[in-house]
Every structure is written in structure tokens, then in C-alpha cells.
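Engineer: Okay, here's the prediction I keep looking at, along with the sequence it came from:
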Amino acid sequence: QVQLVESGGGLVQPGGSLRLSCVASGSIFSINSMGWYRQAPGDQRELVATMPYGGSGNYADSVKGRFSISRDNGKNTVYLQMNSLRPEDTAVYYCNARILVYGGIQWSDYWGLGTQVTVSS
């Protein structure tokens, strides 16, 4: 019905950059918020950045000034530009979107399968 597919993860050295992308597809009537979460081994999933439709980004304190979220609403796509990466940014990064499907009566949260980001020398 609805799919979120992430791309752009990989291995990068400390101080490097990566850009993640997430495309939402399917029977989508409208998308409210889109965002990124991450989960490191042994940790709970945590918010990285979110952006409401027509709004500005909200960031976890740990990534402020280094990460930037943006959206292309015409393409149902959200991006995460990650600069000055640190080893502690290593995690699986998940895309999230709050979506109203055609014929639906309530908003629902959808998740991608995740993309691995590893920061290591």
C-alpha cells in the first residue's frame, strides 16, 4: 500500500559526509511529517530530525549544526545531509512518514527498512 525506501548509507571516515534519501510511494493522498530516526546496536531508536509539511526542521541536540533535513514534496522525498560525521553517528537510519492514504480516515506512521551508516577510520 505504502512503501518508504531509503538509500545513501555506507561507510565513511570521521569528519566525512553522507546524504540519505527516502522516497515514499504507493496509495498516498497526503504526507504530513517526514523524518529520520536511528538505532545503534543495543540502543533504542531515537529521533534524528523531522520536518512537518511546509515547516522547518527539528533536530536532536546531538546532530544540530551538523545534519540538515530537507524535503521535495513533489517527489514525496526526504533527505538528510550529514556532515562532520562522528563514530557515534554509526547506526541504522530509518525513514519515517505520517501519511494519509486514499480512502483513509486517519493519519498513520510508516517506516522504511533502514540504511546502515558506519563512521570509522
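Structural biologist: Received the coordinates, thanks.

Engineer: what is the residue most central in space within the chain paired to in the beta sheet?
Structural biologist: Geometric centre of the chain, nearest residue: residue 36, 2.6 Å, by CA atoms, centre = their mean. With DSSP bridges as the criterion, residue 36 is bridged to residue 49, residue 95.

Engineer: what does residue 59 give?
Structural biologist: residue 49.

Engineer: residues contacting it?
Structural biologist: Neighbouring residues of residue 59 by CB atoms under 8 Å, 6 or more residues apart in numbering: 48-49, 67, 69. Glycine gets a C-beta too; all of them are placed from N, C-alpha and C.

Engineer: do that again at 10 Å, thanks
Structural biologist: By CB atoms under 10 Å, 6 or more residues apart in numbering, the residues touching residue 59 are 35-36, 47-51, 65-69.

Engineer: which two from these end up farthest apart in space?
Structural biologist: 35 and 65 (17.7 Å; CB to CB).

Engineer: Neighbour count for those two, which is higher?
Structural biologist: A direct count of neighbours by other CB atoms under 10 Å for residue 35 and residue 65 places residue 35 higher, at 23 against 9.

Engineer: How much space separates the residue nearest to that one when sequence neighbours are not counted from residue 78?
Structural biologist: Nearest non-adjacent residue to residue 35, counting by CB to CB, 6 or more residues apart in numbering: residue 50, 3.1 Å away. To residue 78, residue 50 is 9 Å away according to CB to CB, to the nearest Å.

Engineer: who has more neighbours, the two?
Structural biologist: Taking other CB under 10 Å, residue 50 and residue 78 do not tie; residue 78 has more neighbours (28 against 20).
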